[in-house]
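**Student:** sequence-free structure coming up:
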């Protein structure tokens, strides 16, 4: 009985080791990430921006690609309800990310398929070029997150 308890405890300890290593791996791990946001959901957009800002605060260089309705976050005219608990919009969080060194681009298809032009984008937001974005997506040193 004691042997089986020790075996179960040892197995649990061994199983937990990868999780503790993974949880601490950001310190020396990925230095640059790509966040692709295409959801029109306010909360999904908000969570993508919360996580993007958090990764930036933890030392990652954050690149954001805004596609479809998520491209609206980059508009000077963007308005949305504020999200609790901080009472900020996804667009405000994007602006904060840009101020802290993040990079944001709208998808190459966003402007030609909308009523907007490059002049309608906030300062610091560019238009993505497919070869550049494909290069980031294929870079094994860059993690890609999609929302």
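**Tutor:** All right, it came through fine. Every value quoted in this text rests on a predicted model; they were computed, and no experiment measured them. Numbering: from 1, shown residues only.
**Student:** alpha carbons only for contacts and neighbour counts from here, please
**Tutor:** OK.
**Student:** check contacts around the residue lying closest to residue 32 once chain neighbours are set aside.
**Tutor:** The shortest distance from residue 32 to any non-neighbouring residue, by Cα to Cα, 6 or more residues apart in numbering, is to residue 61 (4.5 Å). Residue 61 is in contact with 31, 32, 33, 55, 101, 102, counting by Cα atoms under 8 Å, 6 or more residues apart in numbering.
**Student:** and residue 61, its phi and psi?
**Tutor:** Main-chain torsions, residue 61, degrees, to the nearest 10: phi -80, psi 120.
**Student:** of the contacts of residue 61, buried ones?
**Tutor:** 31, 32, 33, 55, 102 (16 or more other Cα atoms under 10 Å).
**Student:** nearest to residue 121, of those residues?
**Tutor:** Using Cα to Cα, the shortest approach to residue 121 within those belongs to residue 102, at 15.6 Å.
**Student:** and the nearest residue to that closest one once chain neighbours are set aside, what element?
**Tutor:** In this structure, residue 102 finds its nearest non-sequential neighbour in residue 62, 5.0 Å apart by Cα to Cα, 6+ apart. Assigned by DSSP states H and E, residue 62 belongs to strand 61-66.
**Student:** ok now that strand, how far from the chain's centre?
**Tutor:** 6 Å (Cα atoms, centre = their mean, to the nearest Å).
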